[in-house]
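1. Dropping a prediction and its sequence here:
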Amino acid sequence: MLQLIAMTFVINAWAVPNPGPRSTEQAKFLYQEALDAKKTNKDELAIENYKKIIKQYPSFQEIIPVYEQLMNLQMSHQKFQDVLGLGRDVLLLHPKGRAFAAIQLMRAEAELRTGKPAQTKLIAEELIQSKPEPTFEVQAFLIKAEALSQMNRHKEAFASLDAARASEQFPDAELKIRSRSCSSLQRNAKDNDFDFFNRKNLCFKESAALAKSEPEKASAQVWCDRFALLAAELKKSKIDNFSREKIEKDLEQTKGLSSTWGCK
């Protein structure tokens, strides 16, 4: 009887389709399964497997790529608080090189998307100081510029944009940040109503002219939203009718530059 039980145990052991729950091979199995799941858009399975690896196999040799890929997935699902928590944890493992840069950029983006531009700026500056490869450095300058723009520190934002001019993404970033700058222009001491609205309109016209013919949707929407605020501001003003009509015609011409952008 004992011999039969032993034989049954051996047969069942051989029937297990993947390695045991605490083996190194199981971590490799989960990792490969997650990679395959991501390729076939099975994000939930990939996320589950990455979380298991982090919890059960913290010494797994690919643990930093696991964190990075899990953060990437959570970013795509807009789970920004999860991204921030994972980012704090993985930094304790001292990632280096490309992995460090990718993780920092995701942290910065998550902070920005949760309304924390000051923290975004600090993370971007930390990445820039690490002297990453050019692609990551450009992205760091761009996200720093975006953060500064949201903080209404436009002069510093443009300086950060200047540092990123090698990037093909630059014109879209410029459109978004210039639009905020145009919107926040203040009256000069010598401005009359016509000069003030004309100066703002010219600012929006210049920013649209500098943009790509088909800028990314988010950047275009910022321009359109801020330009709509200018039109609303003009309607509420006490400018004389002749000047109002002249500015309104100029605004229509400027608006035409965005006619193909699909703004809401």
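-> Perfect, I can see it now.
2. any idea which element residue 107 lies in?
-> Using DSSP states H and E, residue 107 maps to helix 97-113.
3. How far off centre is that helix?
-> Relative to its parent chain, helix 97-113 has a centroid offset of 9 Å by C-alpha atoms, centre = their mean, to the nearest Å.
4. swap in stretch 124-135?
-> Its chain's C-alpha centre and that of stretch 124-135 lie 16 Å apart, by C-alpha atoms, centre = their mean.
5. Would you mark the buried spots in it?
-> Of all the residues in stretch 124-135, those buried under the rule 16 or more other C-beta atoms under 10 Å are 124, 125, 127, 128, 132. Just so you know, the C-beta spots here come from the backbone N, C-alpha and C atoms, and that holds for glycine as well.
6. doesn't residue 138 make contact with the first one?
-> No: Residue 124 is not in contact with residue 138 according to C-beta atoms under 8 Å; the separation is 11.3 Å.
7. got a list of what residue 110 touches?
-> Neighbour list for residue 110: 75, 80, 81, 83, 84, 87 [criterion: C-beta atoms under 8 Å, 6 or more residues apart in numbering].
8. Using PDB, list the CA coordinates for the longest helix belonging to the chain.
-> Of all segments of type helix in the chain, defined using DSSP state H, the longest is helix 217-236. Taking Å, rounded to 0.1, in the frame of the first residue of the first chain, the C-alpha atoms of helix 217-236 are listed here in PDB:
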ATOM      1  CA  LYS A 217      -4.200  65.800 -30.000                       C
ATOM      2  CA  ALA A 218      -3.300  66.800 -26.400                       C
ATOM      3  CA  SER A 219      -1.100  69.700 -27.500                       C
ATOM      4  CA  ALA A 220      -3.700  70.900 -30.100                       C
ATOM      5  CA  GLN A 221      -6.400  70.800 -27.500                       C
ATOM      6  CA  VAL A 222      -4.400  72.900 -25.000                       C
ATOM      7  CA  TRP A 223      -4.000  75.500 -27.800                       C
ATOM      8  CA  CYS A 224      -7.700  75.500 -28.700                       C
ATOM      9  CA  ASP A 225      -8.800  75.700 -25.100                       C
ATOM     10  CA  ARG A 226      -6.600  78.600 -24.300                       C
ATOM     11  CA  PHE A 227      -7.500  80.400 -27.500                       C
ATOM     12  CA  ALA A 228     -11.200  80.000 -26.600                       C
ATOM     13  CA  LEU A 229     -10.500  81.700 -23.300                       C
ATOM     14  CA  LEU A 230      -9.100  84.600 -25.200                       C
ATOM     15  CA  ALA A 231     -12.200  84.900 -27.400                       C
ATOM     16  CA  ALA A 232     -14.400  84.800 -24.200                       C
ATOM     17  CA  GLU A 233     -12.200  87.400 -22.600                       C
ATOM     18  CA  LEU A 234     -12.700  89.700 -25.600                       C
ATOM     19  CA  LYS A 235     -16.500  89.300 -25.400                       C
ATOM     20  CA  LYS A 236     -16.500  90.400 -21.700                       C
END
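9. What are the buried residues along it?
-> Residues 219, 220, 221, 222, 223, 224, 226, 227, 230, 231, 234 are the ones in helix 217-236 that count as buried (16+ other C-beta under 10 Å).
10. Among the residues you listed, which has the minimum pLDDT value?
-> Lowest in pLDDT among these is residue 219, which has 88.
11. Past the longest helix of the chain, which element shows up next along the chain?
-> Where DSSP H and E defines the elements, the next helix or strand beyond helix 217-236 is helix 241-256.
12. what packs against that next one?
-> Secondary-structure packing of helix 241-256 (3 or more C-beta pairs under 8 Å, 6 or more residues apart in numbering; DSSP states H and E): helix 193-210, helix 217-236.
13. which other residues reach that helix?
-> For helix 241-256, contacts defined as C-beta under 8 Å, 6+ apart pick out 193-194, 197-198, 201, 204-205, 208, 227, 230-231, 234, 237, 239.
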